[in-house]
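**Student:** below are the sequence and a predicted model for it; my questions follow.
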Amino acid sequence: MNDGDHMHGMAPPTSGGSSNDSMSTMNPSHMLMHMTFFWGKNAEILFDGWPGYDRLGMYILALVVVFLFALFVEWLSHCSILRETSGRSGAAVGLVQTAVHALRIGLAYLVMLAVMSFNAGVFLVAVAGHTLGFFLFGSTAFRKLPEDGEKTAGRPPIC
């Protein structure tokens, strides 16, 4: 392509043709996925055709979505609301914990698949989302320090 993104792709081999024949039947809209990191807004992230080509606003929206998914994964990973089971039925709490775990793993896999677009911007916002999420929810930055002899639950006050 001529937009500076260096999209390199190959068409699937045609029957009985040489590699030059398969390149002549290449359809630019159905190029293979990048296998190296690249910079640029022309990428497909998670879904076919999303955010699309030459659509800066949709690319920025895709970056925001990946960032929020990564942040939410960290919140789900470090939040301890559902870890306390006092006064609640064990089976009901177990089902809710399992559903939250499934949501966390599903979102983590979506972030991983977004990073597999090999777009450097997506990679950076995924790392930034996980980093900010850990800082807010997993680090000791916002935890109340225990008083002398006092035990703490060890969770951030946000959860």
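**Tutor:** Nice, I can see it. Just so you know, these numbers come straight off a predicted model, no measurement behind them. Residues are numbered from 1 along each chain as shown.
**Student:** where does this protein have low pLDDT?
**Tutor:** 1-33, 81-88, 146-159 (pLDDT under 70).
**Student:** tell me which element residue 114 is part of?
**Tutor:** Per DSSP states H and E: residue 114 is located in helix 90-115.
**Student:** could you do residue 35 as well?
**Tutor:** In the assignment (DSSP H and E), residue 35 maps to no helix and no strand.
**Student:** and the helices in this protein?
**Tutor:** For the chain, the helices defined by DSSP state H cover 19-24, 56-78, 90-115, 120-133.
**Student:** distance to residue 145 for those helices - can I get that in a markdown table?
**Tutor:** All C-beta spots, glycine's among them, are computed from the backbone N, C-alpha and C. Below are the helices of the chain laid out as a markdown table (distance: least, Cβ to Cβ, whole Å):
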| stretch | distance to residue 145 |
| --- | --- |
| helix 19-24 | 64 |
| helix 56-78 | 18 |
| helix 90-115 | 28 |
| helix 120-133 | 22 |
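**Student:** let's have those in a markdown table, adding distance to residue 42 and mean neighbour count.
**Tutor:** As requested, the helices of the chain are exported to a markdown table (distance: least, Cβ to Cβ, whole Å; neighbours: other Cβ atoms under 10 Å):
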| stretch | distance to residue 42 | mean neighbour count |
| --- | --- | --- |
| helix 19-24 | 20 | 12 |
| helix 56-78 | 8 | 19 |
| helix 90-115 | 15 | 14 |
| helix 120-133 | 11 | 18 |
